[in-house]
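K.L.:
My questions concern the predicted model and sequence given below.
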Amino acid sequence: MGRAFWIRLILGWCVVSATFAAEIHDVRLWRAPDHTRIVFDLSAPADHRLLSLEAPDRIVLDVSSATLKASLASLDFANTPIARIRSGIRDGTDLRIVLDIDTRVDPRSFVLKANAQAGDRLVVDLYDRDADGPPVAKISKNTVESARRDIIIAIDAGHGGEDPGAIGPNRLREKDVVFAIARELHALFARDPGFAPALIRTGDYYISLKGRRDLARARQADLFVSIHADAFKRKEANGASVFALSLRGATSTAASYLAQRENEADLVGGVRINDKDDILAGVLTDLSMTNTLDHSLQLGDKVLRRIDSVARLHKRQVEQAGFAVLKSPDIPSILVETGFISNPGEARKLSTKAYQRKVAQAIHAGIRDWFLAQPPAGTLIAWQKEQNGHEYTVARGDTLSGIAQRFNVSLEQLAAHNAISDARINAGQTLRIPAL
């Protein structure tokens, strides 16, 4: 065979290789309260076109010069508008994916470029018709008698959906650990008179960082607490931390690193073009002129002190960094790093229900400490304090003298008010706090 033959063969192979420039090597589907998301993982960038067709209703996705290597058979369409997905090649090289739907939706699509956490992706969101956003739980400062409303706690489990967060040993995923802790914390506040908890993420799906703040504002929250379990470059890094927002840079190298990682969640989860952050410099300036940030720091310190009783602390003071999820100018906001999931020892503990419950109890106790000492005006807790005092549920590690100091009453007053003669108390016991 002559040289000309081999040249033609090589050129022909190059043409065939170029025709199918991208491969779809994985397909994932997530259901959120207001939409269904399908993520196509690509081996390289690819152009696409999205069409809506009727009679029958279907969504058509054409991907230029692409092949489908992933299986569609394993996708779970339960509680989604999708009846089935099928695929084929059109015009010789283009991939056509057809979504047969049984409920009208508003489809949107966008591409995400490869980054440190994920490769090139094509995202299709099918928004439920007439859905303005995730349904908001009926928790509002205006839904109860104005003088005795509940204190609303917005509980945010970090990451979710196609964004797993940090990955620990044995493929332990941050999104699963923090969601379990968030649910424990929600259950504690749900049993707590005077408090109304609201989960920001109620399942395994992605919410943008701005979307999390918006949901807290929609619920008229008195506090936003975001729960995480991040990874660090060194596996030996360990300890829990509490963070508040910083407007002038991070308080440590580790804080800066963690904030950067958490802020990159939008790159992994995918932010649509119209999801731009509306927190402007002027608003952040206003934040520095209010007591919101001060309250965040003081409240964070209460939580940190409680976590100290169940976990080693990474730093013994509340740290600050530019966490995008904390940028609500009107809601005290803290971020709790429950430990480093990259540390094998901490990952083992974080994977257990018992430890998750202990962490939730510590966060719960710290938040209660803050709000019982200075409850917002117009709340049931404030009304009880103005009347005949209020009740306090003893947490593990509490002492009678410590509780007395926390509420600015004497040990003798507290003991007499509860008919206690020997200063012994038990976790779960309810104490009546004398009015000041």
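P.N.:
Done, it's in. This structure is a prediction, so every number in the text was calculated from the model and none was measured.

K.L.:
If you count contacts, what does the helix or strand containing K210 end up packed against?
P.N.:
Assigned by DSSP states H and E, K210 belongs to helix 209-218. Counting contacts by 3 or more C-beta pairs under 8 Å, 6 or more residues apart in numbering; DSSP states H and E, helix 209-218 is packed against strand 151-157, strand 223-228. (Glycine included, C-beta is placed from N, CA and C.)

K.L.:
And that helix, what's buried?
P.N.:
Neighbour counts over helix 209-218 (16 or more other C-beta atoms under 10 Å) mark 209-216, 218 as buried.

K.L.:
could the residues you listed go into TSV alongside distance to S421 and pLDDT?
P.N.:
Output for the buried residues of helix 209-218, formatted as TSV (distance: C-beta to C-beta, whole Å; pLDDT from 0 to 100):
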residue	distance to S421	pLDDT
L209	52	89
K210	55	90
G211	53	91
R212	49	94
R213	49	93
D214	52	93
L215	48	95
A216	45	96
A218	49	94
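
K.L.:
Just give me the closest of these to G428.
P.N.:
A216 (29.6 Å; C-beta to C-beta).

K.L.:
before we move on, back to that, nearest to R58, of the buried residues of helix 209-218?
P.N.:
The shortest approach to R58 among the buried residues of helix 209-218 belongs to G211, at 28.4 Å (C-beta to C-beta).

K.L.:
Could you measure from the closest one over to G378?
P.N.:
Counting by C-beta to C-beta, to the nearest Å, the gap from G211 to G378 is 28 Å.

K.L.:
export the helices and strands packed on helix 209-218 to CSV and tack on distance to K235?
P.N.:
Formatted as CSV, those follow (distance: least, C-beta to C-beta, whole Å):
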stretch, distance to K235
strand 151-157, 24
strand 223-228, 18
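
K.L.:
could the ones you listed be laid out in JSON lines, adding mean neighbour count and distance to N238?
P.N.:
Below are the helices and strands packed on helix 209-218 laid out as JSON lines (neighbours: other C-beta atoms under 10 Å; distance: least, C-beta to C-beta, whole Å):
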{"stretch": "strand 151-157", "mean neighbour count": "27", "distance to N238": "22"}
{"stretch": "strand 223-228", "mean neighbour count": "26", "distance to N238": "15"}
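
K.L.:
For D100, which of these is the nearest?
P.N.:
strand 151-157 (33.0 Å).

K.L.:
quick one: average confidence on that closest one?
P.N.:
Mean per-residue pLDDT for strand 151-157: 97.

K.L.:
Can you list the buried residues in the next helix or strand after that strand?
P.N.:
Scanning forward in sequence from strand 151-157 by DSSP H and E, the next helix or strand is helix 174-190. With burial defined by 16+ other C-beta under 10 Å, the residues of helix 174-190 counted as buried are 174-186, 188-189.

K.L.:
now swap in stretch 155-168 and tell me
P.N.:
By neighbour count with 16+ other C-beta under 10 Å, stretch 155-168 contains the buried residues 155-166, 168.

K.L.:
can you give me how far that stretch is from the chain middle?
P.N.:
Chain-centre distance of stretch 155-168: 6 Å, with C-alpha atoms, centre = their mean, to the nearest Å.

K.L.:
end to end, how far does that stretch reach?
P.N.:
23 Å (C-alpha to C-alpha, to the nearest Å).

K.L.:
hang on, the earlier thing: okay, the buried residues of stretch 155-168 in a markdown table with distance to L304 next?
P.N.:
As requested, these are arranged in a markdown table below (distance: C-beta to C-beta, whole Å):
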| residue | distance to L304 |
| --- | --- |
| I155 | 17 |
| D156 | 18 |
| A157 | 20 |
| G158 | 18 |
| H159 | 22 |
| G160 | 25 |
| G161 | 30 |
| E162 | 32 |
| D163 | 26 |
| P164 | 27 |
| G165 | 22 |
| A166 | 21 |
| G168 | 23 |
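
K.L.:
Of the helices and strands packed on helix 209-218, give the one that comes closest to A244.
P.N.:
Nearest to A244, of the helices and strands packed on helix 209-218 and by C-beta to C-beta, is strand 223-228 at 11.0 Å.

K.L.:
And for that closest one, what's in contact with it?
P.N.:
151-159, 165, 174, 178, 181-182, 185, 212-213, 216, 262, 299, 303, 323, 325-326, 328, 331-338, 363, 367, 371 (C-beta atoms under 8 Å, 6 or more residues apart in numbering).

K.L.:
Grab the CA positions of that strand and hand them over as PDB.
P.N.:
What follows is strand 223-228, C-alpha atoms only, in PDB (Å, rounded to 0.1, in the frame of the first residue of the first chain):
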ATOM      1  CA  LEU A 223     -32.000  33.800  61.800                       C
ATOM      2  CA  PHE A 224     -30.300  32.000  58.900                       C
ATOM      3  CA  VAL A 225     -28.000  29.100  59.800                       C
ATOM      4  CA  SER A 226     -26.200  27.200  57.000                       C
ATOM      5  CA  ILE A 227     -24.700  23.800  57.900                       C
ATOM      6  CA  HIS A 228     -21.600  22.400  56.200                       C
END
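
K.L.:
partners of the helix or strand following it, with directions?
P.N.:
Next along the chain after strand 223-228, taking DSSP H and E as the criterion, comes strand 241-245. If you go by DSSP bridges, strand 241-245 pairs up with strand 319-321 (parallel), strand 333-337 (antiparallel).

K.L.:
Closest one of the buried residues of helix 174-190 to L400?
P.N.:
Of all the buried residues of helix 174-190, L400 sits closest to L188, with 21.7 Å by C-beta to C-beta.

K.L.:
Which single helix of this protein contains the most residues?
P.N.:
helix 353-373 (DSSP state H).

K.L.:
Just name whatever secondary elements it is in contact with.
P.N.:
In terms of contacts (3+ C-beta pairs under 8 Å, 6+ apart), helix 353-373 is packed against helix 174-190, strand 223-228, helix 292-307, helix 344-350, helix 380-386, strand 390-393, helix 400-406.

K.L.:
What residue spans form the domains of the chain?
P.N.:
For the chain, automatic domain parsing gives the domain ranges 17-128, 146-373, 388-433.
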